[in-house]
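>>> Show me the folded form of this:
(one chain, ligands or ions: 1)
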Amino acid sequence: NHFWVKQWPYDMQTISEVLPVEAERGVKLGGVLIEGLVKGRKSILYPRWGNEDFQRRREAAGGSNWYHSNVLTWAWRKVGSPPLEEEQWAARYEWEEDGRKRRLGKGWQRVPAWRDYPGGIKAWVEWVLANDPAAAEGCFVTIPPILRDEHEIEEWKQATVEQEIRIKEDCARVKFAGQPLAVLFPKHTANGNCVRPSECPYLDLCWGVGGDDPLGTGRYQRRVPNHPQELAP
Ligand code: SF4
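Alright, predicted model coming up:
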């Protein structure tokens with residue numbers, strides 16, 4: 001959508017990511033290209049149940065899940081009756097042909113391709129590419145190149161280095177000088193971000209009792225350095 005496309009030139013990644021690639025490859029990059037994969041709306045409830053004993057059967061089977069509606073992961077299938085009629089597959093329920101809207105007829109069902117298509121997801125994606133490439137193309141979005149901007153890179157570098165130094169110093173103030181954590185690391189709660197779009201993993205540390213002894217809760221552990229730069233002597 002419009003917002004998704006518009007956000008990238010202002011995203012820290014598109015400004016900073018050229019630097020490590022340049023350092024590793026020894027070449028200067030012209031900018032960043034972003035190719036997006038459209039996941040689709042989370043609009044498929046699966047498995048589906050009939051109406052009569054919906055609740056009982058659903059609970060007995062452990063419930064249903066919501067899935068992203070995407071032609072690369074969900075297939076339309078019409079069960080055949082061999083040898084008279086073969087099983088049929090389609091990527092879309094609706095499409096346009098010669099300027100007219102067309103639909104699959106009766107007997108088609110949407111099924112998880114990773115489970116039901118012979119050969120699984122890889123075979124299904126190959127089927128879509130061979131039989132309905134337009135449906136697959138609709139899943140990819142390429143946005144205009146984000147050109148390298150020396151000024152923005154320099155500003156990002158200055159701000160980030162400064163911020164990292166401040167965090168390190170403030171950690172030492174909390175740990176060794178007994179200064180209050182809440183003052184040096186205030187809670188940022190704008191736009192309901194403690195619970196949106198999903199519950200923040202640190203909710204209990206900030207708002208519950210877990211903050212008194214994070215390791216004691218059993219839900220957290222000390223980070224082990226894993227980047228080569230951190231491990232270098
Ligand atoms: S719970 Fe998460 S989002 Fe809310 S203040 Fe704490 S760290 Fe920030």
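>>> mind checking how far P83 is from P118?
P83 sits 17 Å away from P118, going by CB to CB, to the nearest Å. Every residue, glycine included, has its C-beta placed from N, CA and C.
>>> now swap in N193 and tell me
Distance of N193 to P118, computed by CB to CB: 44 Å.
>>> who's more crowded, P83 and P118?
Legend: neighbour count by other CB atoms under 10 Å for P83 and P118, higher for P118 (9 against 6).
>>> three-state assignment of the spatially most central residue of the chain?
Nearest residue to the geometric centre of the chain (CA atoms, centre = their mean): K39, 8.4 Å. In three-state terms, and counting by DSSP: H, G, I helix; E, B strand; the rest coil, K39 is coil.
>>> burial count for the closest residue to R222 other than its chain neighbours?
Once flanking residues are discounted, R222 sits nearest to L215: 7.4 Å by CB to CB, 6 or more residues apart in numbering. When neighbours are defined as other CB under 10 Å, L215 has 10 of them.
>>> Tell me where the chain has strands.
With strands called from DSSP state E, the chain shows them at 31-32, 35-37, 42-46, 65-68, 74-78, 88-90, 94-97, 100-103, 108-112, 140-142, 146-147.
>>> Those strands into TSV, with extra columns for mean neighbour count, mean pLDDT and distance to N226?
Formatted as TSV, the strands of the chain follow (neighbours: other CB atoms under 10 Å; pLDDT from 0 to 100; distance: least, CB to CB, whole Å):
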stretch	mean neighbour count	mean pLDDT	distance to N226
strand 31-32	16	93	25
strand 35-37	10	91	27
strand 42-46	13	81	32
strand 65-68	13	84	31
strand 74-78	19	96	36
strand 88-90	17	96	43
strand 94-97	10	90	47
strand 100-103	9	94	52
strand 108-112	16	93	35
strand 140-142	11	89	32
strand 146-147	16	94	29
